[in-house]
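Asker: sequence plus the predicted model coming up.
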Amino acid sequence: MKSFDFPWGHSKRYNAFPASFRLQFQERVQKISVDAGFTCPNRDGTKGTGGCTYCNNHAFSPPYCHPAESISSQLQKGIVFFSGKYPSMHFLAYFQSYSNTYAPLDILKKRYGEALRHPKVVGLVIATRPDCLEPEVLDYLADLSRSCYIMLELGIESHLDATLEKINRCHTFQESVFTLKETRRRGIRTCAHMILGLPGEQKEQFLDQAKAVSRLPVDNLKLHQLQIHKDTLLEKQYRESPGDFHLFSADEYTELVVDYLERLNPGIIVERFISQAPPEWLVAPRWGIKNYAFVDRVNKKLEERNTWQGHLYDS
C-alpha cells in the first residue's frame, strides 16, 4: 500500500494524532494541565479506597499543577512557558489529575467556566472514569461542545473485568461501553486510555484488546506501557512478587505496538504509544527513550514489515 492510499490522508502508516489535530484548528494549540482538586470513587470510599493500584499522580502532573492554586493561575503558568516559543498559540485546559467529572454539576460548571474564560483557552480536555459521567453532565458537555472544543478522555485500561478488579478500578468494561455509546450519541469527542502489560495479561489478550477497542465508539486512543511508579500498591506487589510481572523491553513493546496497530480500526486516531514518568518516580522499566524517539521506532518497524494500522482489521 502506498502512502496516498492510506484512508487518513497522510503518509504515516497509522492514523497519527498531530495531522488530524491540525485540521481542527487554524493556529497552534497546546494542552495545559490543571489540577482542579477532584478525587475518584475508588479513593473516597464510594466504591473503594486506595485508588487504582498503579496510580501516582506525581508521576505525570507538571510541577505547577497544584489544587491549592486557582485554575486561572495554573493555566497562566503553563501559558507563559509555551508562549515564549509561539506568541500566537492558543490552548486547551487539560483537566488531568484523578476523575474530573466526579463532582456535582454546579462545581463542574464553575471549574470548567474558569478555564474557558481565559482569552487564550479554546477548549477542554477532561480525563475521567466511565462511571463518573451522569446524564446531566454529558448533556452539559454536549452543549459546551457546540461552542468550543471538548474531548473526554476515558480511563478504560483493560477490556478484561478480571484485570479491572485486580487493579481496583471498581468498574466493568461494559460500563465503559455503555458510557462511550451515550457520549457518542451526544456528539462528544472521546479518547480511550488503555494500558498494555497489566499483571496477568498475555500477548493474546493484548491483541484481543485491539479488537475490542476497534468496536468501541471512540475517536482517539492513548496507549500506555505498564510502568511501576513509586508509592503505589503496584510497586509493593512488584517488589514482593516480581515474577507476576512481565515488563516489556523497548524492542518487545515496539513489536507489540505494531501488532496492535495492525488489528486496530483504521478510523481511530492514535494519540500516543507510551507514557513517560519523571525518573524520580519511576521504578521500572527504565528505557530512557523519549516519546518522539519511540514514535520513530514504530514508524521504522511498520516500514520494515510493510504493514499499517488496520492491515489485519476485521470489521
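Answerer: Received, thanks.

Asker: quick one: the helices in the protein?
Answerer: 17-24, 71-83, 105-116, 135-144, 161-166, 173-185, 203-214, 233-240, 250-263, 291-304 (DSSP state H).

Asker: out of those helices, which gets nearest to P41?
Answerer: Taking C-beta to C-beta, helix 173-185 is the member of those nearest to P41, at 11.7 Å. C-beta: built from backbone N, CA, C; applies to glycine.

Asker: deepest-packed of the helices of the chain, please.
Answerer: helix 250-263 (a mean of 20; mean count of other C-beta atoms under 10 Å).

Asker: and that one, what does it pack onto?
Answerer: If you count contacts as 3 or more C-beta pairs under 8 Å, 6 or more residues apart in numbering; DSSP states H and E, helix 250-263 packs onto strand 189-196, helix 203-214, strand 220-225, helix 291-304.

Asker: which residues sit against the second one?
Answerer: The set of residues external to helix 203-214 that reach it, using C-beta atoms under 8 Å, 6 or more residues apart in numbering, is 158-160, 173, 192, 194, 196-197, 221, 256, 259-261, 263-265, 268, 313-315.

Asker: try the third one
Answerer: With contact meaning C-beta under 8 Å, 6+ apart, strand 220-225 is reached by 17, 151, 153, 189-197, 213, 248, 253, 257, 260, 264, 268-275, 285.

Asker: show me the shaky parts of this protein.
Answerer: Across the chain, the ranges flagged by pLDDT under 70 are 1-4, 59-61, 63-64.

Asker: looking at it, N56 is touching H229, isn't it?
Answerer: Yes - contact criterion C-beta atoms under 8 Å: N56 and H229 qualify, at 4.3 Å.

Asker: pull up the overlap in contacts between those two.
Answerer: Common neighbours of N56 and H229 (C-beta under 8 Å, 6+ apart) are W281.

Asker: and stretch 117-125, what's buried?
Answerer: Across stretch 117-125, burial judged by 16 or more other C-beta atoms under 10 Å covers H118, K120, V121, V122, G123, L124, V125.

Asker: could you dump those to JSON lines with distance to T49?
Answerer: Formatted as JSON lines, the buried residues of stretch 117-125 follow (distance: C-beta to C-beta, whole Å):
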{"residue": "H118", "distance to T49": "35"}
{"residue": "K120", "distance to T49": "39"}
{"residue": "V121", "distance to T49": "34"}
{"residue": "V122", "distance to T49": "38"}
{"residue": "G123", "distance to T49": "34"}
{"residue": "L124", "distance to T49": "29"}
{"residue": "V125", "distance to T49": "28"}
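
Asker: sitting in strands, which of these do you find?
Answerer: Judged by DSSP state E, these include V121, V122, G123, L124, V125 as members of strands.

Asker: in TSV: the residues you listed, plus distance to G9.
Answerer: Conversion of those to TSV gives the following (distance: C-beta to C-beta, whole Å):
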residue	distance to G9
V121	29
V122	24
G123	23
L124	27
V125	24
